[in-house]
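Colleague: predicted model and sequence below, questions to follow.
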Amino acid sequence: MLVCETTMAMNRTAVALSIASCMAMDAMASSLEMLWERDPLWEFTQETFLPAARPLGFKWMTASCDLARCGPREKMTVGGVPVGEAVARFSDGRLSEISAVLYARGDNGEITRGEFEDLIKRSVAAISGVSGVKAQMRGKDLKGAARAEGVVWQTARTQLLLEYAISRVVTATGVNYRPEFVRLEISPLNKRQPAKELVFASKSDAKPDFRTKVKKSSGGDVWISGVPMVDQGDKSYCLVASAERVLRYYGMRVDQNELAQLVGTDRWRGTDLKAAQEGLRQAGGRLRFKVKMEDEPDLREFEALVQDYNRRSTRFGKKLQVITPQGDVDPFQVMAEMQLEALKETRLAQRAKMARFLRSVMSSVDAGQPLLWGVALGVVPEAGLVQKSGGHVRLILGYNPITNEILYSDSWGAGHELKRMTASDAWIIHSFSLGLTPW
């Protein structure tokens, strides 16, 4: 089963950039280092950052102004090397980290191993020139999700970390090497946590009580605060982007590109759910979190749903019936063909399953643990969707027992931080829910 299938008509050939075009300089490109050439980087506040960073294309991604992003359509470089995407994060009102993606398979397409190695050499030379200090080889991060290789530069106040990863793909013709990502992380030297460590350093340390993150309003809303936003961009990375948000909320240093490497996410077709569970479990063993499928899709149950729908839909007209799925089936496509009123009646008749789903939501939210939520878009009306139909993964962050609503978030940037829908509509589009919990 695939989730996050995109319906946008795109030309793969046009998107799959060669490294030569990636490295082409543009006379109008702006340099990331202009941020600290004029002002001390770690003195930026939420009020002073955007006026200085706006020429680079940065925009706020959240209403709370704790995350700003410069997308791939902007022409930015670091030391002359093109930057595909950059994200600035803020903590306690001050700039706390800048992460710049120099290459990502999901954004730039496939490149050869030779082109990848050439990009790393160029990047190391460029960052050495920008920082004015000598590079130090960090080696492979055995505790990180993707076990990326790293190179470090340290100035008086700043640490720059270049991380990169390549996968070994075994085929019938031999072993192929698939470059995954190259990214630069810039952070204050005296405040930086060890790379990809939890906020608690060992099993004996006191673990944070995430129930303290749960907020309540007088109107009945119960929601988890402090879950960071991640923008998946125009690629089908909704599952790994949602997972990054949850893991960052727990204090783990990880991003969607390395998670995509682990679970085999495809830019166009999204992520296979079984592969996602296995890849996330591997990451969980290194980062210390558990993966629990709260509600897993079942083909036999879906076939029973379609049969029940067909029986009920005769009252709405026989032409509304859909063929009972067999074998390899796309449940999201089947649901898209169903008539909403007939589907609603069919789903709401599943009272015990719906009640179990809602209990799981309330239990997870009360514990301060967001749920990854697989849904079928385009089935019930939703305003402001970036993806109009097909499978999608979002986060469940809250509920309201008074209004009988689910509070959720999509990984699409500003305006998608916290949204709501009725519990009945949530159940109609529900496919699965998956929890990631620290241990």
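Modeller: Good, I have the coordinates.
Colleague: in the sheet, who's paired with residue 183?
Modeller: Per DSSP bridges, residues listed as beta-bridge partners of residue 183: residue 101, residue 163.
Colleague: isn't it up against residue 255?
Modeller: Yes. Residue 183 lies in contact with residue 255 (Cβ atoms under 8 Å); the separation is 7.1 Å. (Glycine included, C-beta is placed from N, CA and C.)
Colleague: overlap in contacts, those two.
Modeller: Residues touching both residue 183 and residue 255 (Cβ atoms under 8 Å, 6 or more residues apart in numbering) are residue 99.
Colleague: ramachandran angles for residue 76?
Modeller: Per-residue torsions, residue 76: phi -120, psi 150 (degrees, to the nearest 10).
Colleague: pretty sure it contacts residue 32?
Modeller: Yes. At 5.8 Å, residue 76 counts as touching residue 32 under the criterion of Cβ under 8 Å.
Colleague: which of these two has more neighbours?
Modeller: residue 76 (24 against 21; other Cβ atoms under 10 Å).
Colleague: what's near enough to touch that one?
Modeller: Residues in contact with residue 76 (Cβ under 8 Å, 6+ apart) are 29, 30, 31, 32, 56, 57, 70, 82, 83, 86, 100.
Colleague: lowest-confidence one in those?
Modeller: The lowest pLDDT within these belongs to residue 29, with 61.
Colleague: kindly list the longest helix within this protein.
Modeller: For the chain, the longest helix by residue count, based on DSSP state H, is helix 113-131.
Colleague: quick one: mean pLDDT over it.
Modeller: Regarding helix 113-131, the rounded mean pLDDT is 95.
Colleague: the following helix or strand past it: partners in the sheet, and parallel or antiparallel?
Modeller: As assigned by DSSP states H and E, the chain's next helix or strand after helix 113-131 is strand 136-140. Looking at strand 136-140 with DSSP bridges, its partner strands are strand 149-154 (antiparallel).
Colleague: show me the shaky parts of the protein.
Modeller: For the chain, applying pLDDT under 70 flags the ranges 1-29, 73-74, 142-146, 170-171, 190-206, 327.
Colleague: what residue lies at the spatial centre of it?
Modeller: Nearest to the mean C-alpha position of the chain, counting by Cα atoms, centre = their mean, stands residue 241 at 0.5 Å.
Colleague: tell me which residues in stretch 263-282 are buried?
Modeller: Using 16 or more other Cβ atoms under 10 Å as the burial criterion, the residues of stretch 263-282 that qualify are 263, 265-267, 270-273, 276-277, 279-280, 282.
Colleague: export that stretch as CSV, just CAs?
Modeller: What follows is stretch 263-282, C-alpha atoms only, in CSV (Å, rounded to 0.1, in the frame of the first residue of the first chain):
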residue,chain,number,x,y,z
VAL,A,263,12.1,3.8,4.2
GLY,A,264,12.7,4.0,0.5
THR,A,265,10.3,6.9,-0.1
ASP,A,266,9.8,7.8,-3.8
ARG,A,267,9.3,11.4,-4.8
TRP,A,268,6.3,10.6,-7.0
ARG,A,269,4.6,7.6,-5.4
GLY,A,270,5.3,8.2,-1.7
THR,A,271,6.1,5.6,0.9
ASP,A,272,5.1,1.9,1.2
LEU,A,273,3.6,1.5,4.6
LYS,A,274,5.3,-1.8,5.4
ALA,A,275,8.7,-0.4,4.3
ALA,A,276,8.0,2.7,6.5
GLN,A,277,7.4,0.6,9.6
GLU,A,278,10.6,-1.4,9.1
GLY,A,279,12.7,1.6,8.3
LEU,A,280,11.3,3.6,11.2
ARG,A,281,12.0,0.7,13.5
GLN,A,282,15.6,0.7,12.4
